[in-house]
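Trainee: For reference, the sequence and a predicted model appear below.
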Amino acid sequence: MKLKKTIFNALLFFQAALVVTGGAVRLTGSGLGCPTWPTCTGSSISPVPHQAQGTLHSWIEFGNRLLTIALVIASVVALVATVKWSKNRIDRRRVRWIAIWQLLGIFGQAILGGITVLTKLNPIPVSGHFLLSIVLIGGGLSLRHRMLDRPRVATLPVTWNMVRVVAALAALVVTVGTLVTGSGPHAGDIQAKRYPFAPREISYLHADLVIALVCLAIGLLLIIRVSETGESKTRLTRALEIFLITSLAQGFIGYVQYFTGLPESLVALHLLGATTVWIAAWNVYLTAKPSQLA
């Protein structure tokens, strides 16, 4: 059991780490530290001495690419583990497909990464690069839940519907967050294109969606405490409280970074927070399921 937990924790960790290191590439202006793809520069896979982009920038970008190799290894190990430890035919088929899509998604990430370089950090593939990571993180968490035998608790129809709304709104918040990022100053390179949105207005929209998400989550928490009983109430309350704590912390960081001129350290922390909020939101979704009577 300990080995199984380590394998699927590692997969989820590397998925999240790819997001964080990708943010480091952007925030340090290293988005074109390796100006070619799949090589770093010219015919060299790795950075070369006295590279025009600078040693630090080239190695920061190359380090992000290297992490993909670790992620591929983790996904292959996870796929083997799903085949070895699946309990029955139906379960084996489901988790195997999740694991296969993890591996395919990672190769998709590599292709998207190449497109971002070849398009000189166009914000559309940059956003797609991040959002694909979010999808893969959700898949990694789903795989972890299934392989570690985390049962979903049956809920009343109103609870289940609210859980789905909260998860969908969390996904929308993350998506709009990429538009905010793509309109702001931290592009990864001084000459990179930006979305044609006014940074202030798109930031306000993002903040309004966050407020709506927190309010809905609080409403869901009240519904659970009033309507649910037993294990459903206990497990969902715990998962939702974690989500609310991470969301409120993330919202606080977002407001502080906005009013302090978007310092790189806070932007990096906000990016890590976005990943944490999404994991917490998807965990709420994976904890619940519709009642058989629904």
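Mentor: Arrived safely.
Trainee: what's the burial count for Gly230?
Mentor: 9 (other C-beta atoms under 10 Å). To be clear about C-beta, it is placed using only N, CA and C from the backbone, and glycine gets the same treatment.
Trainee: Start from the N-terminal end of the stretch 151-294 of the chain and give the helices.
Mentor: 157-183, 199-227, 230-259, 264-287 (DSSP state H, counting those that start in this stretch).
Trainee: Include mean pLDDT and distance to Ile73 when you put those helices into TSV, please.
Mentor: Formatted as TSV, these follow (pLDDT from 0 to 100; distance: least, C-beta to C-beta, whole Å):
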stretch	mean pLDDT	distance to Ile73
helix 157-183	93	27
helix 199-227	94	35
helix 230-259	92	29
helix 264-287	92	21
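Trainee: Kindly reformat those helices as TSV containing distance to Glu61.
Mentor: Formatted as TSV, the helices of the stretch 151-294 of the chain follow (distance: least, C-beta to C-beta, whole Å):
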stretch	distance to Glu61
helix 157-183	18
helix 199-227	25
helix 230-259	24
helix 264-287	16
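Trainee: For Gly22, find the nearest of those helices.
Mentor: Among the helices of the stretch 151-294 of the chain, helix 264-287 comes nearest to Gly22, with 8.4 Å by C-beta to C-beta.
Trainee: That closest one vs helix 199-227, what angle?
Mentor: 30 degrees (axes from the mean of the first three to the mean of the last three C-alpha atoms, to 10 degrees).
Trainee: Helix, strand, or coil at Thr36?
Mentor: In three-state terms, and counting by DSSP: H, G, I helix; E, B strand; the rest coil, Thr36 is coil.
Trainee: swap in the one 3 residues further on?
Mentor: When states are read from three-state DSSP, the local structure at Thr39 comes out as coil.
Trainee: just to revisit the earlier point, to Lys84, which of the helices of the stretch 151-294 of the chain lies closest?
Mentor: Here helix 264-287 is closest among the helices of the stretch 151-294 of the chain (C-beta to C-beta), at 22.3 Å.
Trainee: how far does the closest one sit from the chain's center?
Mentor: 7 Å (C-alpha atoms, centre = their mean, to the nearest Å).
Trainee: Output that helix as PDB - backbone C-alpha positions only.
Mentor: Output of helix 264-287 as PDB, limited to C-alpha atoms (Å, rounded to 0.1, in the frame of the first residue of the first chain):
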ATOM      1  CA  GLU A 264       7.000  38.100  -9.200                       C
ATOM      2  CA  SER A 265       7.100  36.400  -5.900                       C
ATOM      3  CA  LEU A 266       3.400  36.800  -5.300                       C
ATOM      4  CA  VAL A 267       2.500  35.900  -8.800                       C
ATOM      5  CA  ALA A 268       4.500  32.600  -8.400                       C
ATOM      6  CA  LEU A 269       2.600  32.000  -5.100                       C
ATOM      7  CA  HIS A 270      -0.700  32.700  -6.800                       C
ATOM      8  CA  LEU A 271       0.100  30.200  -9.500                       C
ATOM      9  CA  LEU A 272       0.900  27.600  -6.900                       C
ATOM     10  CA  GLY A 273      -2.300  28.500  -5.200                       C
ATOM     11  CA  ALA A 274      -4.300  28.100  -8.400                       C
ATOM     12  CA  THR A 275      -3.000  24.500  -8.700                       C
ATOM     13  CA  THR A 276      -3.900  23.800  -5.000                       C
ATOM     14  CA  VAL A 277      -7.400  25.300  -5.400                       C
ATOM     15  CA  TRP A 278      -8.100  23.100  -8.400                       C
ATOM     16  CA  ILE A 279      -6.900  20.000  -6.600                       C
ATOM     17  CA  ALA A 280      -9.100  20.800  -3.600                       C
ATOM     18  CA  ALA A 281     -12.100  21.500  -5.900                       C
ATOM     19  CA  TRP A 282     -11.700  18.300  -7.800                       C
ATOM     20  CA  ASN A 283     -11.200  16.400  -4.600                       C
ATOM     21  CA  VAL A 284     -14.700  17.600  -3.500                       C
ATOM     22  CA  TYR A 285     -16.100  16.300  -6.800                       C
ATOM     23  CA  LEU A 286     -14.300  12.900  -6.400                       C
ATOM     24  CA  THR A 287     -15.600  12.600  -2.800                       C
END
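Trainee: Make 59 the starting number, not 1.
Mentor: In the new count, where the first residue is 59, that last one comes out as helix 322-345.
Trainee: Buried ones in that helix, by neighbour count?
Mentor: Buried residues in helix 322-345, counted by 16 or more other C-beta atoms under 10 Å: 322, 324-345.
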